[in-house]
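> The sequence isn't on hand, but the structure is:
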């Protein structure tokens, strides 16, 4: 079953106030901050939407606060995909699907990246398969959507500032509507 825009807004209304695992922000604050960073970097509607929705999988199930403390990889990067495929194309869903592996890639490709991760990101990294070796890193970055996922991952890591002012969810949902399947036909 595909989610509608109303369903996404309802998920954020109902669960967006929950703490983002191990961080000083809520799920909604994290999503909005990530989208703001994407927008400030000049990303297109698809990548801004991916930034907004990359952790939607956390809102679709409840494993309690900070599953990594319980030794659980919640595979959130995959959880939302079946619900988003009917609404968005690969330009939105591929970076969402690949943003966890982008962390594994960045740890292998960028010196100092691992040490800058938050404690929860370091803990979850081990549960998510650990740092890529060279062959895994090369295989990852060759995939369609991997470069966008790397950009998204960098914003994801930065989107954890308590009290940061952002535009409201409605601002980013408007961008999401512009890149939805069939949006260009509806606009004509």
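Right, received. Where do you want to start? Remember, it's a predicted structure, so these values are computed and weren't measured experimentally.
> switch to C-alpha atoms for all contacts and neighbour counts from now on
Noted.
> ok, now which ones touch residue 59?
When contacts are counted by C-alpha atoms under 8 Å, 6 or more residues apart in numbering, residue 59 touches 11-12, 15-16.
> Narrow the residues you listed to just the buried residues.
Buried members of the contacts of residue 59, scored by 16 or more other C-alpha atoms under 10 Å, are 12, 15-16.
> Quick check: of those residues, which lies closest to residue 170?
Taking C-alpha to C-alpha as the measure, residue 170 lies nearest residue 12 of these, at 11.1 Å.
> still on that earlier bit, now the buried ones among the contacts of residue 59 in TSV, with secondary structure and pLDDT?
Listed next are those as TSV, based on DSSP: H, G, I helix; E, B strand; the rest coil; pLDDT from 0 to 100:
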residue	secondary structure	pLDDT
12	helix	95
15	helix	90
16	coil	92
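> Give the buried residues for stretch 134-142.
137, 140-141.
> How about residues contacting it?
Applying C-alpha under 8 Å, 6+ apart, the external contacts of stretch 134-142 come out as 101-102, 104-105, 108-109, 146-147.
> leaving aside the residues next to it on the chain, what's closest to the residue minimising distance to the centre of the chain?
Among the residues of the chain, the one closest to the centroid is residue 54, at 2.1 Å (C-alpha atoms, centre = their mean). With sequence-adjacent residues excluded and distances taken as C-alpha to C-alpha, 6 or more residues apart in numbering, residue 54 is closest to residue 96, at 4.7 Å.
> Burial check on the one you found, number of neighbours?
Residue 96 has 32 neighbouring residues, counting by other C-alpha atoms under 10 Å.
> part of a helix, is it?
Yes: under DSSP: H, G, I helix; E, B strand; the rest coil, residue 96 falls within a helix.
> Tell me how far it lies from residue 85.
11 Å (C-alpha to C-alpha, to the nearest Å).
> again with residue 150
Residue 150 sits 21 Å away from residue 85, taking C-alpha to C-alpha as the criterion.
> More neighbours: the two, which one.
Between residue 150 and residue 85, residue 150 has the larger neighbour count (other C-alpha under 10 Å), namely 22 against 17.
> Just the residues contacting the helix or strand hosting the more buried one, thanks.
Using DSSP states H and E, the secondary-structure element containing residue 150 is helix 146-158. Here helix 146-158 makes contact (C-alpha under 8 Å, 6+ apart) with 30, 34, 37-38, 47, 50-51, 94-96, 98-100, 102-103, 106, 117-118, 140-141.
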